[in-house]
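Colleague: Only the shape, not the letters, is given here:
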Ligand SMILES: Nc1ncnc2c1ncn2[C@@H]1O[C@H](COP(=O)(O)OP(=O)(O)OP(=O)(O)O)[C@@H](O)[C@H]1O
Ligand SMILES: [Zn+2]
């Protein structure tokens, strides 16, 4: 399996630290708002990476943190009149609601910063003892000059950085590029006691401390969005390697941006769409399908038209699944040519995923499966054995992509299935009583609501349009 490694800027063969196991860490959200579609990209993509490893038989130890204390959280909590921890708890609950709708599995551990202050303090202490960090009036900084490899992940050079940096002048720092490991509490701010007085951790140290705790040294994969390469991940590398004396994560994976009119979707630019807003119009699996339809390192521009295309593409798969459910196969084993074709398609799928998780290419094999399957059904020659093979192949895609096919999914949490089924039943009874006007009225009104009834020889089917 090949992974593009930001650290070496090449596609490398993936060799796990321990055979059969993958240890991975992905930087999670800062808990002061609902997640937007940009935040959803790493969440969905790395969930798919994890699923692929599991499908290949690996045990995956997957850690995704919550940054539940930082400047933005403190500010927001003050505005809302609650404590930062309460604010964090609220958005963590909301995060899981969104993640569930997107088909994202729970990580093995979801550590919160506020629950790992002792580990963070230990690490900061160690860095001071080893000469990599210094304290000034209650703040602690990492001294970038003490770490010769600084810049190796992002490919930046310290001198260049210094020359080009518009770093705020801070009298306390020895080098303007030094970054905070521990921040002294300002009046009214939440704080924890520490050897340097009351304060709270800096952003970068939390990921170093929590990954070390749950994954150990030299773990396999570290992921996040491309905006995190510098300074966040660069600083994680410096702190972790300075502290342990060992290489930190061995494979660094970064996703490209979700853009709007080619600009990064972000809170600061105000051009963001919350996942829950999009969920009001599109089911979660359509959003997931959309996110996986492009290679993770490429930018992906968001608009409704593209989501509608994803929806239509997914419908093609859904229709095939429905056709497969309804077909009356001939008795018999799977035919050789069907077996061969499906084996080839699954091989294409695997090859695409093994090539730096090319989900777009992997999806092409799914569409070929659907096209081929439909022609087999139409030919009338499909055997029970063939049918089973198609079902098993579809299951592979479901497991890895995290998308159920052939399910009529509710939007924004309301399951309308029982109501639609009731109306279908009422309409059938009206028809029996020859009250065709009323029966048509139900069909037409449902259509206006975007629900299409189709009379088929097997009964009435319905779908959203
Ligand atoms: N437009 C985007 N496209 C892809 N990934 C993104 C985008 N915006 C944020 N991310 C990723 O989402 C994860 C959470 O990041 P973070 O909590 O810093 O986001 P944020 O502060 O909401 O971002 P922003 O202020 O840029 O909207 C990170 O891995 C980050 O790289
Ligand atoms: Zn991080």
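Modeller: Sure thing, it's come through. Remember, it's a predicted structure, so these values are computed and weren't measured experimentally. Numbering: from 1, shown residues only. Ligands and ions are numbered 1, 2, ... in the order given.
Colleague: tally of neighbours for the one residue in the stretch 51-200 of the chain that gets nearest to ligand 2?
Modeller: Closest to ligand 2 within the stretch 51-200 of the chain is residue 65: 6.6 Å, counting by CB to the ion. Backbone N, C-alpha and C define where each C-beta goes, glycine included. Neighbours of residue 65 under the rule other CB atoms under 10 Å: 24.
Colleague: Pull out the buried positions in stretch 291-303.
Modeller: 291-297, 300, 302 (16 or more other CB atoms under 10 Å).
Colleague: With stretch 50-67 instead?
Modeller: Those would be 50-54, 58, 60-67, for stretch 50-67 by 16+ other CB under 10 Å.
Colleague: What is the burial count for residue 123?
Modeller: For residue 123, using other CB under 10 Å, the count is 25.
Colleague: And residue 88, by the same measure?
Modeller: When counting by other CB under 10 Å, one arrives at 26 neighbours for residue 88.
Colleague: Contacts for the least confident helix or strand in the chain by mean pLDDT, please.
Modeller: Across the helices and strands of the chain, the lowest-confidence element by mean pLDDT, DSSP states H and E is helix 158-164, at a mean of 77. Applying CB atoms under 8 Å, 6 or more residues apart in numbering, the external contacts of helix 158-164 come out as 144-145, 150-151, 175-177.
Colleague: interface residues of the stretch 1-150 of the chain facing ligand 1?
Modeller: 27, 29-30, 38-39, 41-42 (CB under 6 Å from any ligand atom).
Colleague: and the residue in the stretch 1-150 of the chain that ligand 2 sits nearest to, how many neighbours?
Modeller: Closest contact between the stretch 1-150 of the chain and ligand 2, by CB to the ion, is at residue 27 (3.2 Å). Residue 27: 23 surrounding residues under other CB under 10 Å.
Colleague: Just the closest residue of the stretch 151-300 of the chain to ligand 1, please.
Modeller: Residue of the stretch 151-300 of the chain nearest ligand 1, by CB to the nearest ligand atom: residue 225 (1.9 Å).
Colleague: re earlier: the buried residues of stretch 50-67 in helices, which ones?
Modeller: 50-54 (DSSP state H).
Colleague: picking that back up, farthest-separated two in the residues of the stretch 1-150 of the chain next to ligand 1?
Modeller: 30 and 41 (15.7 Å; CB to CB).
Colleague: who's in contact with the residue nearest to the residue of the stretch 1-150 of the chain closest to ligand 2 when sequence neighbours are not counted?
Modeller: Excluding the flanking residues, the one nearest residue 27 by CB to CB, 6 or more residues apart in numbering is residue 224, at 4.0 Å. Listed by CB under 8 Å, 6+ apart, the contact partners of residue 224 are 26-27, 42, 232-233, 254-255.
Colleague: Is residue 177 inside a helix or a strand, and which specific one?
Modeller: Following DSSP states H and E, there is no helix or strand that holds residue 177.
Colleague: ugh, typo on my part, it should be residue 426
Modeller: helix 417-432.
Colleague: Mind giving me the packing neighbours of that helix?
Modeller: helix 436-448, strand 451-456, strand 459-464 (3 or more CB pairs under 8 Å, 6 or more residues apart in numbering; DSSP states H and E).
Colleague: Show me what the nearest residue to residue 215 once chain neighbours are set aside is bridged to.
Modeller: Leaving aside its chain neighbours, residue 215 sits nearest to residue 23 (4.4 Å; criterion: CB to CB, 6+ apart). Taking DSSP bridges as the rule, residue 23 bridges to residue 61.
Colleague: For residue 23, give me its contacts.
Modeller: By CB under 8 Å, 6+ apart, residue 23 lies in contact with 16-17, 61, 215-216, 219-221.
Colleague: contacts with ligand 2 among the residues you listed, please.
Modeller: With CB under 5 Å from the ion as the criterion, those include none near ligand 2.
Colleague: So which of these sit within strands?
Modeller: If you go by DSSP state E, the contacts of residue 23 have 61, 221 in strands.
Colleague: of the contacts of residue 23, closest to residue 128?
Modeller: Residue 128 has its nearest neighbour among those in residue 216, at 22.7 Å by CB to CB.
Colleague: Next, count neighbours for the closest one.
Modeller: Neighbours of residue 216 (other CB under 10 Å): 14.
Colleague: tell me which parts of the stretch 101-250 of the chain are close to ligand 2?
Modeller: residue 207.
Colleague: any weak-confidence spans in the stretch 101-250 of the chain?
Modeller: 164-170 (pLDDT under 70).
Colleague: In the stretch 151-300 of the chain, which residue sits closest to ligand 2?
Modeller: Closest point on the stretch 151-300 of the chain to ligand 2, by CB to the ion, is residue 207, at 3.2 Å.
Colleague: Having no further points to raise, I will conclude here.
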